[in-house]
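S.K.: let's see this in three dimensions:
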Amino acid sequence: MIVDAQIHLWGNAAAPPHHRSRPLGADEAVHEMRVAGVDRAINCPAIWDPDANEIGNAAARQYPDRLATTGWFPLSPVANEEIVKNWKKQPGMLGLRFVMANEQQMSWLATGALDWIWRAAEEWSVPVALAVRGGLAHVERMAVLHPRLRITIDHMGAGHAGKVPDVFSHFPELLRLAGFSNVAVKATAAPAYATDRYPFRSVHDHLQKLFDAYGPDRMFWGTDITRMPCTWRECVTMFSEELSWLQGRDRDLVMGHALCNWLAWPVE
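M.R.: As a prediction, this is how the structure comes out:
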């Protein structure tokens, strides 16, 4: 069972430069997944497309065994806990995923103005993923205050730009967060941070540090495929064949089973 922890489906022409300009729809995604040997993927609806959540709902209805979603709603300090309570009633919706994209949003995160979201998500068992470059101290606060909230950190805590080693200068903070059992990490976008070509050995040591800290139950393989410098299949084999320390049951967990367990996506 190979499950991609993060792809984006969208339909408009507003993608940022680090992603391809052409939209990715469900039919193309599932076709390319079959070619690459990927069984499932978690769609993180693109924040640049206001219709992306609806696109995700339609994709999950069309391909319920292939595509599920961790969606978003506009961040606001004004509480609306009902939206969180009812969130997983949408087709294929397994959780929430937010991008802290500007200073105002980071300020809300830092001051606790968004705590109503985390409180409601904990109460209603809605896992939360965060793209929060530079904000890992705030994630630690969340993990302490909401011990039953499942929190996942996108892209190993890195942003959309940068190369090793500088792009992972935050690793001491990221590894410390592994001490909280309710925090997991997506090992997504690894090829984009490498300084060399496939199999991208320049990031292997960093991946092993993550694995040693988080273990196979809280480290999830994935791609963010529309900004990768390689094929989907190479993203798979980089982990499944090129990491000598990732074998057996541990490999099965990292490549998909652990993510399904974390998000409560049943595996038949």
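
S.K.: only C-alpha atoms for contact and neighbour calcs from this point on.
M.R.: Will do.

S.K.: report the buried residues of stretch 247-265.
M.R.: Across stretch 247-265, burial judged by 16 or more other C-alpha atoms under 10 Å covers 250-260, 262-263.

S.K.: swap in stretch 70-82?
M.R.: 70, 71, 72, 75, 81.

S.K.: kindly report the same for stretch 179-189.
M.R.: 181, 182, 183, 184, 185, 186, 187, 188, 189.

S.K.: before we move on, what about stretch 231-240?
M.R.: Neighbour counts over stretch 231-240 (16+ other C-alpha under 10 Å) mark 232, 234, 235, 236, 238, 239, 240 as buried.

S.K.: re the thing from before, need the buried residues of stretch 179-189 in a markdown table (columns: pLDDT and distance to residue 130).
M.R.: Shown next, in a markdown table, are these (pLDDT from 0 to 100; distance: C-alpha to C-alpha, whole Å):
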| residue | pLDDT | distance to residue 130 |
| --- | --- | --- |
| 181 | 98 | 16 |
| 182 | 98 | 13 |
| 183 | 98 | 11 |
| 184 | 98 | 11 |
| 185 | 98 | 10 |
| 186 | 98 | 10 |
| 187 | 98 | 13 |
| 188 | 98 | 13 |
| 189 | 97 | 15 |
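
S.K.: closest one of those to residue 161?
M.R.: residue 189 (10.3 Å; C-alpha to C-alpha).

S.K.: ignoring the adjacent residues along the chain, who's closest to the closest one?
M.R.: residue 223 (5.0 Å; C-alpha to C-alpha, 6 or more residues apart in numbering).

S.K.: and the one you found, how far from residue 84?
M.R.: Separation of residue 223 from residue 84 (C-alpha to C-alpha, to the nearest Å): 27 Å.

S.K.: for residue 229, same thing?
M.R.: 36 Å.

S.K.: dump stretch 130-146 to PDB, keeping only the CA atoms.
M.R.: Extracted C-alpha coordinates of stretch 130-146, given in PDB (Å, rounded to 0.1, in the frame of the first residue of the first chain):
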ATOM      1  CA  LEU A 130       0.200  22.600   8.900                       C
ATOM      2  CA  ALA A 131       2.600  24.300   6.500                       C
ATOM      3  CA  VAL A 132       4.200  26.500   9.100                       C
ATOM      4  CA  ARG A 133       7.700  27.400   8.100                       C
ATOM      5  CA  GLY A 134       9.300  29.200  11.000                       C
ATOM      6  CA  GLY A 135       6.500  28.500  13.400                       C
ATOM      7  CA  LEU A 136       7.500  25.200  15.000                       C
ATOM      8  CA  ALA A 137       7.500  26.700  18.500                       C
ATOM      9  CA  HIS A 138       3.800  27.400  18.000                       C
ATOM     10  CA  VAL A 139       3.200  23.800  17.000                       C
ATOM     11  CA  GLU A 140       4.800  22.700  20.200                       C
ATOM     12  CA  ARG A 141       2.400  24.900  22.100                       C
ATOM     13  CA  MET A 142      -0.500  23.300  20.200                       C
ATOM     14  CA  ALA A 143       0.800  19.800  21.000                       C
ATOM     15  CA  VAL A 144       1.000  20.600  24.700                       C
ATOM     16  CA  LEU A 145      -2.400  22.300  25.000                       C
ATOM     17  CA  HIS A 146      -4.200  19.700  22.800                       C
END
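
S.K.: that one - what's its average pLDDT?
M.R.: Mean pLDDT, computed over stretch 130-146, is 95.

S.K.: got the buried residues of stretch 70-82 as CSV, with secondary structure and pLDDT columns?
M.R.: Converted to CSV, these look like this (DSSP: H, G, I helix; E, B strand; the rest coil; pLDDT from 0 to 100):
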residue, secondary structure, pLDDT
70, strand, 98
71, strand, 98
72, coil, 98
75, coil, 97
81, helix, 97
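
S.K.: nearest to residue 145 among these?
M.R.: Set against residue 145, the nearest of these by C-alpha to C-alpha is residue 81 (17.3 Å).
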